[in-house]
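Q: With the sequence up front, the predicted model follows.
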Amino acid sequence: MSLRKGLKIAFVLVVLAIIGIYIVGGGFGEQSMRKEYLSTNTQFAHRGCYGSLAENSLEGFNKALQLGYQAIETDVSFTRDKQLILFHDENAKRLLGVDSLITDITFNTIKHKPLRFYDRQTKNSVLKLDDFLKTAPKNVKVYLDIKTHSFEVADSLINLISRNNYYNQVGIANSNVVFLSYFKHKDANINTILEGFNKNKEWTYTFIPAKYKPDYVASFLKEVDKAHIKWLSKHNMLHRKIVYGVTNQDLLTVQKFSLKHWIIDP
């Protein structure tokens, strides 16, 4: 087979695959509206009390709830033995003093190691996602920032959410459209949040098949401008925008843009 003929066949296969995805995904157009995961103004506490206590720790989450937060943002990673844990970094050195990728470590080797806060050991240890969700009050909304694009991780999350009926409590956040689409394909009731939806990227939303469109879009506050707000308003998505990178000094900007949901460092 000539190279030119091979390229033509490959091109045709790619086109057919794209057409198939759009047929299965309901074509272009808007996603059918479902019950909203976030129905009112929501302030997520970033990694618990990120600025004063060990991040993604039980102590930090409890403190955030004591301060009146009714929503938590946390990070989800995957260990070598396929455990979903609340952990931000790829490498465990900063938070655990172990110079290794978290995906190369088993949960048993780190479960008793103290989490660090600015190089100081704390009384906290790494939490399993399942354990955290079991103890979190049911009225607390949880933003899960997934630190991988693995479909194996996606299947574990889908099973966890469906088995425990966390549909109204949990949102799955990631910047990879294909990864988020996989959740919608497997279980349309799971709330998905497309991160990195910045100003000047609004056009990309059009090309996501209707059934796979995320329920919410998110970006840093600095990636929002008047044109972005206008686009969100025009497409009835202003109430489906979440901004992070927010401090108390940014709240006037949040209010000026009429944004409904934000992730703040307590």
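A: Happy to help now that I have it. What you see is a predicted model; the values in this text were computed from it and never measured.
Q: after the helix or strand bottoming out on mean pLDDT in the chain, next one along is what?
A: In the chain, the helix or strand scored least confidently by mean pLDDT, DSSP states H and E is helix 3-24, which has a mean of 47. Counting by DSSP states H and E, the next helix or strand C-terminal to helix 3-24 is strand 42-46.
Q: Tell me which other helices or strands that following strand touches.
A: Here strand 42-46 is seen to pack against helix 58-66, strand 71-78, strand 141-146, strand 241-246, strand 261-264 when contacts are counted using 3 or more C-beta pairs under 8 Å, 6 or more residues apart in numbering; DSSP states H and E. No exception for glycine: its C-beta is placed from N, CA and C like everyone else's.
Q: Serialize those to a markdown table and add fields for mean neighbour count and distance to His46.
A: Formatted as a markdown table, those follow (neighbours: other C-beta atoms under 10 Å; distance: least, C-beta to C-beta, whole Å):
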| stretch | mean neighbour count | distance to His46 |
| --- | --- | --- |
| helix 58-66 | 19 | 9 |
| strand 71-78 | 24 | 5 |
| strand 141-146 | 23 | 9 |
| strand 241-246 | 22 | 7 |
| strand 261-264 | 24 | 5 |
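Q: possible to save these as TSV with mean pLDDT?
A: Output for the helices and strands packed on strand 42-46, formatted as TSV (pLDDT from 0 to 100):
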stretch	mean pLDDT
helix 58-66	96
strand 71-78	97
strand 141-146	98
strand 241-246	95
strand 261-264	96
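Q: Would you mind measuring the gap between the ends of stretch 145-154?
A: End-to-end distance for stretch 145-154, by C-alpha to C-alpha, to the nearest Å: 12 Å.
Q: Show residues contacting that stretch.
A: Stretch 145-154 is contacted by residues 73-78, 82, 84, 87-88, 90, 103, 157, 172-174, 176, 178-179, 182-183, 186, 195 when judged by C-beta atoms under 8 Å, 6 or more residues apart in numbering.
Q: Try it again at 10 Å.
A: Stretch 145-154 has contacts (C-beta atoms under 10 Å, 6 or more residues apart in numbering) with 46-47, 56, 73-78, 82, 84, 86-90, 102-103, 156-158, 171-176, 178-180, 182-183, 185-186, 190, 193, 195, 218, 244, 263.
Q: Please consider this matter closed, and thank you.
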